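Colleague: test case, fold it:
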Amino acid sequence: MYKRAELHNGTRIIINPMRSMESVALGIWINTGGRFESERLKGISHYLEHLLFKGSAKYSCRSIKESIEGVGGALNAFTSEEMTCYFVKIPADRAALALDVLSDMVMCPLLRQDDIDKERTVILEEIKMYKDLPQSHVHELLDGLLWPGHPLGLSIAGSEESVKRLNRPELLGYCRERYTAANIVVSACGKFSPRSFVQQVSRRFSGLPRGSANTAEPVREKQAKAQLSLFHKETEQTHLALGFHGIRRDHPLKHAAGILHIVLGANMSSRLFNEVREKRGLAYEIGTQLKRYQDTGAFVVHAGVDNRKVEKALHLILRELEKTTRQMITQDEFRRARDFYLGQLKLALEDTLDHMFWIGESTAALGRTHTLAQVISQVSRLKRQDVMEVARYLFREDKINLALIGPLAARKGSIEKELRFPR
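Modeller: Residues are numbered from 1 along each chain as shown. Next comes the predicted model:
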């Protein structure tokens, strides 16, 4: 189904021609992100992502945007813990233009001092914005508990201090060292000629130095007891993020973890939504999240809770988590969660952009891509016992991590007493 190629310098290409579509989604992935940074350079991947939109050898800042948006396309980028991605979705007859713009941005950025100075101010405001959003800031506090002293425990955007001290020589050096062929994947989905597309990528990327594969500091999980991070703030509700060390991206139980996530908090049919919101009205927003990295991960419960009922909500959440380690989920829950898991994937893969993300991220992170048929086959072999097994692996009392933002300074003691599974 998917076509792969690799240039002589190590640039990898993964494509999925979808001839019935009228669009092309294109992504350029670089194997570098927040966890690849030293403390001195914290935030540099995100900073560089911003700067690549400010002009390249062929395109000015304005023409980068206008050339894509002027034909109905959309252009964006993101920086995550383990990769950076620049992407476009555009009408199929303009795919060559999109590839030219993205490739010039990635390989020939200007990185002018004036742009660096102006964008520094923008990023500092972005950092302040997220700190002003407790539903976002609470996740940064949780990451600090899960991975203390490690780049994963720090904000991808960096701190105000680290961003203020980053300079042009560091940004140039980081780009030259990290944005090399051995660390780049080009992915595309949509209506195009596979042969022509590979030739176009080859023309643009074959001159890029191979470089060496970027490496990140491995994770060492040493937690021995439950941990609490409480940030006092006069908010109208308490923002809660409860986390446990999880499983790596390619763990054999990854699909079982996905089913557990759906059962507990991925939709309005989930146990936590029903127990915490529907039955007791303790929260408006509550759900779960899976984080997966190359050697670790996290299972996270997030919620916005009535300030007066934090202890009650926490007790209830932990009770529901612990229940999955003692009792298998019902056959009906298992069937519905499995169908939701595969149904959401099928719906996403109908879209050229989501399909491009699917094949690009997997190729960049793991060096391989599973087809939908392979995933269906893997999920069909799951048993309810697998879901209980992953729950027992995740939900351990000495691995509880809780971050809270709210007017709770006087109640720290009572909250700490709830950091255990109800008996």
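Colleague: which residues touch I329?
Modeller: Each residue near I329 by CB atoms under 8 Å, 6 or more residues apart in numbering is listed here: 263, 337, 384, 387-388. To be clear about C-beta, it is placed using only N, CA and C from the backbone, and glycine gets the same treatment.
Colleague: now render these as CSV, adding pLDDT.
Modeller: Conversion of these to CSV gives the following (pLDDT from 0 to 100):
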residue, pLDDT
V263, 98
A337, 98
R384, 98
V387, 98
M388, 98
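Colleague: which pair in those residues has the greatest spatial separation?
Modeller: In terms of CB to CB, these reach their longest pairwise distance at A337 and M388, which sit 13.2 Å apart.
Colleague: between the contacts of I329, which sits nearest A5?
Modeller: Ranking the contacts of I329 by separation from A5, with CB to CB as the measure, puts A337 on top at 37.0 Å.
Colleague: what about the closest one, distance to R292?
Modeller: Spatial separation of A337 from R292 under the definition CB to CB, to the nearest Å is 18 Å.
Colleague: cool, and E278?
Modeller: Going from E278 to R292 by CB to CB gives 29 Å.
Colleague: repeat that for G27.
Modeller: For G27, the distance to R292 under the criterion CB to CB works out to 19 Å.
Colleague: next one: L51
Modeller: Counting by CB to CB, the gap from L51 to R292 is 28 Å.
Colleague: neighbour count: those two, which is higher?
Modeller: Set side by side, L51 and R292 show more neighbours around L51, with 24 against 18, by other CB atoms under 10 Å.
Colleague: return the list of helices and strands in contact with the strand or helix carrying the more buried one.
Modeller: Mapping L51 onto the secondary structure by DSSP states H and E places it in helix 44-51. Using 3 or more CB pairs under 8 Å, 6 or more residues apart in numbering; DSSP states H and E as the contact criterion, the elements in contact with helix 44-51 are strand 74-79, strand 84-91, helix 113-132, helix 168-178.
Colleague: sorry, back to before: which of the contacts of I329 fall in helices?
Modeller: 263, 337, 384, 387-388 (DSSP state H).
Colleague: out of those, flag the one nearest to N16.
Modeller: The nearest member of those to N16, counting by CB to CB, is A337 at 27.2 Å.
Colleague: how about the closest one, what does it touch?
Modeller: Neighbouring residues of A337 by CB under 8 Å, 6+ apart: 259, 262-263, 329.
Colleague: reformat the residues you listed as a markdown table; add distance to P151.
Modeller: As requested, the contacts of A337 are arranged in a markdown table below (distance: CB to CB, whole Å):
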| residue | distance to P151 |
| --- | --- |
| I259 | 30 |
| I262 | 30 |
| V263 | 32 |
| I329 | 35 |
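Colleague: just the buried residues of these.
Modeller: Of all those considered here, the ones buried according to neighbour count by 16 or more other CB atoms under 10 Å are 259, 262-263, 329.
Colleague: farthest-apart pair in those, please.
Modeller: Farthest-apart pair in the buried ones among the contacts of A337 is I262 and I329; separation 10.0 Å (CB to CB).
Colleague: re earlier: just how off-centre is the helix holding L51 within its chain?
Modeller: With CA atoms, centre = their mean, to the nearest Å as the basis, helix 44-51 stands 16 Å off its chain's centre.
Colleague: give me the distance between A364 and A337.
Modeller: Applying CB to CB, the value for A364 to A337 is 28 Å.
Colleague: domain-wise, how is this protein divided?
Modeller: Residue ranges for the structural domains of the chain, counted by automatic domain parsing, are given in the record as 3-205, 227-416.
Colleague: dump these into CSV; add distance to R423 as well.
Modeller: Putting those into CSV (distance: least, CB to CB, whole Å) gives the following:
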stretch, distance to R423
domain 3-205, 24
domain 227-416, 9
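Colleague: for E217, which of the ones you listed is the nearest?
Modeller: Nearest to E217 among the domains of the chain is domain 3-205 (6.3 Å), distances taken as CB to CB.
Colleague: first to last residue in that closest one, what's the distance?
Modeller: Its first and final residues considered, domain 3-205 spans 18 Å by CA to CA, to the nearest Å.
Colleague: now do that domain, average pLDDT.
Modeller: Here the mean pLDDT over domain 3-205 is 98, rounded to a whole number.
Colleague: so what's the gap between that domain and the chain middle?
Modeller: Domain 3-205 has its C-alpha centroid displaced from the chain centroid by 14 Å (CA atoms, centre = their mean).
Colleague: number of residues surrounding the residue lying closest to S362 once chain neighbours are set aside?
Modeller: Leaving aside its sequence neighbours, S362 sits nearest to T369 (CB to CB, 6 or more residues apart in numbering; 4.5 Å). The criterion is other CB under 10 Å. On that basis, T369 has 19 neighbouring residues.
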